[in-house]
Structures are given as C-alpha cells and as structure tokens.
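Novice: my questions are about this predicted structure, shown below with the sequence.
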Amino acid sequence: MTRVNKEKKKTLVRALCLAIAIVMVGLIIFTAIMSGALASSYDSITHAIGTADDWKRIVTDSKFKLADILPETAIGYGTYPSLDGSTVSVPMAMEFARQHLLMSAPEDLTSFVFFTTTHNAYVNLIEKKPNPASKIYSAQSVMEDRPVDLFIGTEPSEDELALAKENGVELVKIPAALDAFVFIVNASNPVDSLTVEQIRSIYSGKIKNWKDVGGADKNIDAYQRPANSGSQTAMINLVMNGEELEGAKPNYISSGMESMVATIGDYDNGEFAIGYTYLYYLNELVDRENVKVLAIDGIAPTAKNIQASAYPFGATYWAVYRADDETNAGGEFARWIASDEGQQCVAQAGYIPVKAVE
C-alpha cells in the first residue's frame, strides 16, 4: 500500500469516526428531548396502584364512553374526556376509567392514565395539546390526537395562569377531592410538631437551626421542589401566604416527590432535613420508610381534621377545564366528579371527598 493510499485510509477512518460520533451525540440529545417531553407521573410512583378489596361498581349507566377505533388505528375518546394531571391524582383517574370504561387490566389502566405531571399537563390543557402517550395496551392502539379536555390535580401556578391569559384561555376549577399538604422530617428527629409561623420562618430563612424549634443544635436542611411543580405552588400560595420564600441552597431542590421523601428518610443525610408533600401521595404512592409527618400547631393531618378544616394546610385537588368547553367533555366530566356519584368514586379511590358521601 502506497503512502498516499495509507493517508486516504486514515482520512476515511477519521471521517467515519466523526460521523459516528455526531450520530451518537444526536441520539443522546434526541433521547433527552423525548424523555423530557414524555415526563410521566409514574417516575414518582414507587407503589403499585391496586383496587380496594371491597371495591364496588358505582356507575351503572355512564354517558362517558370511548368511540370506535379510528381509521388511523387510534381509539377515539368519544364522550370520555382526554385527561392529564398531577401525579397525586393518577389513582383517581384510574378509578374513573374502571367505573365508566369498565377498564380493569392493570396494564391498560397504567397505559391509559398517562399523566405528564402538573406543569406539563397544564400546558397541554391551556395550549390545547394532546396527552402525548395515552394508549390502551391490550388494544395495541394509541388514543386519538385530541387536545386535553380536563386537568385533574393541584391548583395552577402564577406562571400557568399567566400562560392561560397569554393564550386567551379562561380556566374553570371545580373541587374534586381534599387532602393535606404536609411537612416531613426524618423519623429520628425529636421534633413532632411545628407552628405555622415556625414553618414560614424556616422557609423564609429566619430560623436556620433545629434548636430554635425544640430540636438538636444542628442546621436545618430545608428542601424545596422546582418552580411550577404542584407542591411548590402549594408551598408559595398555601403556606407562605405572601411571605417571601427563601431560595433553596444548591442541591436542595428535589426534582421529584419521591426523591424528596427518599432524601428526608435517608439514614446518613436526612436526619436534619425537612421537606413537604401531599399526604395521599406519601401514604399511597411512595415508600416512606424512616419518615414522619409533623403536626402543625399540634394538629395532625387526619381525615377528620382535614374535612373540618382544622388542619392549617388543607389542600384541594381540582378538575380544571377551559371555559369554552363548558358543555363539552371537559365541563361535563368535571361536574360529574363533583356529583354525589363522582364523589363516591373519589372516596373509593382512597381520597377524602369534598362532600360527605355514603
């Protein structure tokens, strides 16, 4: 082989390696983009979502039904709404699918109720985008490309309300269920209760040591969630109530609810940490080993205290739709959720109903 041919071969090899590297980088970037676009509530759920042993059929004559398979091999939503929402409301939506669509297979429920988490779901509702990955596994068919009709979950943030205004969309909220916004610490922490003012002082940066609230002489590691997550919006609107929330220290923002719970319960790093979540999520959807829930002003977040509004940080999950869908699937289904029948289904899914039901 001549010297010229050797050089040509080296040049071709280098070019081939460069091309492969470019393709690999492209695949990595594409995968990252798609992973973000298809953010799923199941990323934060570590417990299997089952059905109550005493489960019963409540809805016997539903007007909310799926349509036939469309020519594009997608399944039409028909009179049933295209849903999206917060992680904490996934089991509620599964119960609705059991009742109205007679859906019972776990693989169908988890593929059909594909929630993209709070902020992504609000964007889908406001910008009239479809839920990106809802499908029915056993039918091997995706759902039709219909814009999200109804959001189920926590209240919208200021950014989400601004996005709605920018898009000329009026959001209508109907209460769906009650819960408690709770503060959690490591089980070894001697503190069992904090006052509302102490919570605000910790998160505004005025109180920085556990000894100032009856604990050990150790710095308080106050964890937060990202902006526009449902729990961060509740922290700002429900807890701080106008008082400025101090920015979290580097590495003290938990990307998912499950990572916050895991960090607080960690034997090595969580002993002096504090964080927040929703009681239903903590009790039903995630492993909570070595974590305890604080009372607030001495009041524990029991169902009785939540329903009586005695617990200071009571939370509401909402059915939210666009005002121009008042008489369409979004508005119709939201009003059904608020009905006696709907509230019975909410209760059967393990949530606290907004009103007393049998």
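Specialist: Alright, I've got the coordinates.
Novice: please enumerate the helices of this structure.
Specialist: 3-37, 90-101, 106-112, 118-126, 158-166, 196-204, 230-234, 257-265, 279-284, 303-307, 329-338, 340-348 (DSSP state H).
Novice: quick one: the longest strand anywhere in the chain to helix 257-265, angle?
Specialist: When the chain is parsed with DSSP state E, its longest strand is strand 171-186. With axes from the mean of the first three to the mean of the last three C-alpha atoms, to 10 degrees as the basis, strand 171-186 and helix 257-265 are set at 20 degrees to each other.
Novice: can you list the helices of the chain in JSON lines and add mean neighbour count, distance to residue 188 and mean pLDDT?
Specialist: Where you see a C-beta, it was placed from the backbone N, CA and C, and this is true even at glycine. JSON lines is the format used below for the helices of the chain (neighbours: other C-beta atoms under 10 Å; distance: least, C-beta to C-beta, whole Å; pLDDT from 0 to 100):
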{"stretch": "helix 3-37", "mean neighbour count": "10", "distance to residue 188": "36", "mean pLDDT": "41"}
{"stretch": "helix 90-101", "mean neighbour count": "23", "distance to residue 188": "30", "mean pLDDT": "98"}
{"stretch": "helix 106-112", "mean neighbour count": "18", "distance to residue 188": "35", "mean pLDDT": "96"}
{"stretch": "helix 118-126", "mean neighbour count": "25", "distance to residue 188": "31", "mean pLDDT": "97"}
{"stretch": "helix 158-166", "mean neighbour count": "15", "distance to residue 188": "37", "mean pLDDT": "98"}
{"stretch": "helix 196-204", "mean neighbour count": "18", "distance to residue 188": "18", "mean pLDDT": "97"}
{"stretch": "helix 230-234", "mean neighbour count": "24", "distance to residue 188": "24", "mean pLDDT": "93"}
{"stretch": "helix 257-265", "mean neighbour count": "23", "distance to residue 188": "10", "mean pLDDT": "91"}
{"stretch": "helix 279-284", "mean neighbour count": "21", "distance to residue 188": "18", "mean pLDDT": "96"}
{"stretch": "helix 303-307", "mean neighbour count": "16", "distance to residue 188": "25", "mean pLDDT": "95"}
{"stretch": "helix 329-338", "mean neighbour count": "21", "distance to residue 188": "41", "mean pLDDT": "98"}
{"stretch": "helix 340-348", "mean neighbour count": "20", "distance to residue 188": "35", "mean pLDDT": "98"}
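Novice: who wins for proximity to residue 150 among those?
Specialist: When the helices of the chain are compared by C-beta to C-beta, helix 329-338 sits nearest residue 150, at 4.4 Å.
Novice: average pLDDT across the longest strand of the chain?
Specialist: Average pLDDT, strand 171-186: 98.
Novice: same check on stretch 52-60?
Specialist: 94.
Novice: for it, buried residues please.
Specialist: 58-59 (16 or more other C-beta atoms under 10 Å).
Novice: now the helices of the chain in a markdown table, with distance to residue 135?
Specialist: Formatted as a markdown table, those follow (distance: least, C-beta to C-beta, whole Å):
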| stretch | distance to residue 135 |
| --- | --- |
| helix 3-37 | 16 |
| helix 90-101 | 13 |
| helix 106-112 | 5 |
| helix 118-126 | 16 |
| helix 158-166 | 26 |
| helix 196-204 | 40 |
| helix 230-234 | 24 |
| helix 257-265 | 24 |
| helix 279-284 | 24 |
| helix 303-307 | 35 |
| helix 329-338 | 18 |
| helix 340-348 | 23 |
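Novice: mind checking which of the ones you listed is nearest residue 292?
Specialist: Between those, helix 257-265 lies closest to residue 292; by C-beta to C-beta that is 9.1 Å.
Novice: which residues are contacting the closest one?
Specialist: 43-46, 87, 184-187, 223, 225, 231, 254, 269-270, 273-278, 281-282, 286-291 (C-beta atoms under 8 Å, 6 or more residues apart in numbering).
Novice: in strands, which of those fall?
Specialist: Per DSSP E, the subset of the contacts of helix 257-265 in strands is 184-186, 273-278, 291.
Novice: most neighbours among those, which one?
Specialist: Highest neighbour count within the ones in strands among the contacts of helix 257-265, by other C-beta atoms under 10 Å: residue 277, with 29 neighbours.
Novice: would you mind measuring from that one to residue 104?
Specialist: The gap separating residue 277 from residue 104 is 29 Å, by C-beta to C-beta, to the nearest Å.
Novice: ditto for residue 71
Specialist: 28 Å.
Novice: more crowded one of those two?
Specialist: Legend: neighbour count by other C-beta under 10 Å for residue 71 and residue 104, higher for residue 104 (11 against 5).
Novice: does that one touch residue 94 like I think?
Specialist: No: under the criterion of C-beta atoms under 8 Å, residue 104 makes no contact with residue 94, lying 10.1 Å away.
Novice: distance of residue 350 from residue 237?
Specialist: According to C-beta to C-beta, residue 350 stands 25 Å off from residue 237.
Novice: got the CA coordinates for stretch 308-323 in CSV?
Specialist: In CSV, the C-alpha atoms belonging to stretch 308-323 read as follows (Å, rounded to 0.1, in the frame of the first residue of the first chain):
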residue,chain,number,x,y,z
ALA,A,308,-63.3,20.0,59.4
SER,A,309,-60.6,22.5,58.1
ALA,A,310,-58.9,22.1,61.5
TYR,A,311,-55.5,21.2,60.0
PRO,A,312,-53.9,24.5,58.8
PHE,A,313,-52.7,23.4,55.5
GLY,A,314,-55.6,21.7,53.9
ALA,A,315,-55.3,21.2,50.1
THR,A,316,-57.8,20.7,47.3
TYR,A,317,-57.4,18.7,44.1
TRP,A,318,-59.3,20.3,41.2
ALA,A,319,-61.0,19.3,38.0
VAL,A,320,-59.9,22.1,35.6
TYR,A,321,-61.2,22.8,32.1
ARG,A,322,-61.2,25.6,29.6
ALA,A,323,-64.3,27.8,29.9
